[in-house]
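**Q** Here's my sequence, what's the structure:
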Amino acid sequence: MFKILIVEDDIELREELSIFLTKNGYESYCLEDFQDPLSKMEQRKPDLILLDINLPNCNGEFLLKEMRKQSNVPVIMLTSRNTEVDEVLSMTYGADDYITKPYNPTLLLLRIEAVLKRYHHVSHILTYQDVTINVEKGTVLREKQELILSKNEMRILVYLVNHQGAIVTRDELMNHLWDNMEFVDDNTLTVNINRLRGKLSEIGLYHVIETRRGLGYILL
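**A** I've put the predicted structure just below:
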């Protein structure tokens, strides 16, 4: 489980963000004391830092610049100021990404996943029950039976695997596919879910994706 440190002075926002990250499979910590924040950030030893630019008694860009003298931990800058100057400065000082508030939660998750994947070389191989899912190849393998999934089928399956046991709404899935640069409407999502179910049945996985009427889907 990756550890994410939230460096944000807005109490309500950081608590909401912490809950959101925890629900999505991350171990989240919040920096609440901004006296000597640099040493406190180092003590946590996070896998990724979400760093606000506007902080009490200090500036997030300055913290990033100082931190880069001794650490390469991935950093995504968070700011309510939508200016090119801040973005250029952040990237110049070593930020891995930059996102403005208010941000789309799904988009933030995708940015976090992308940065962690680049930095930690996250494997493209997932497992579900006795199935091996090769995201890069777009295949699922079970007992020497290999199936090829379409891009959208794979994205749906990966999202459901990463949220196994939790109900995923149709809007979540459509937003996820939309943020992956594919236009998906309600009917297209239904077609892809049905095709995915059919392919999983071919390798003996029957009824593993349940429809929860009025709520969404759940991977058992």
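
**Q** List the buried residues for stretch 134-144?
**A** Neighbour-count burial for stretch 134-144, counted by 16 or more other Cβ atoms under 10 Å, picks out Asn134, Val135, Val140, Leu141, Arg142. Any C-beta I mention is one placed from the backbone N, CA and C, and that applies to glycine too.

**Q** Which pair of the residues you listed spans the longest distance?
**A** Using Cβ to Cβ, the two most remote members of the buried residues of stretch 134-144 are Val135 and Arg142, lying 15.7 Å apart.

**Q** Give the residue farthest from the middle of the protein.
**A** Lys144 (30.8 Å; Cα atoms, centre = their mean).

**Q** Let me see the confidence value for it.
**A** Model confidence at Lys144, given as pLDDT, is 85.

**Q** Leu220 too?
**A** 92.

**Q** From Pro56, how far out is the closest residue to it other than its chain neighbours?
**A** Distance criterion Cβ to Cβ, 6 or more residues apart in numbering; nearest residue to Leu220, sequence neighbours excluded, is Val208 at 5.2 Å. Using Cβ to Cβ, to the nearest Å, Val208 is found at 49 Å from Pro56.

**Q** go on, Ile6?
**A** 15 Å.

**Q** okay, these two: which has more neighbours?
**A** Counting neighbours by other Cβ atoms under 10 Å for Ile6 and for Pro56 shows that Ile6 has the greater number, 21 against 8.

**Q** just checking, next helix/strand downstream of the strand or helix carrying the more buried one?
**A** For Ile6, the element it lies in under DSSP states H and E is strand 3-7. Scanning forward in sequence from strand 3-7 by DSSP H and E, the next helix or strand is helix 11-23.

**Q** Pull out the buried positions in the following helix or strand past that following helix.
**A** Using DSSP H and E, the helix or strand that follows helix 11-23 towards the C-terminus is strand 27-30. By 16+ other Cβ under 10 Å, the buried positions in strand 27-30 come out as Ser28, Tyr29, Cys30.
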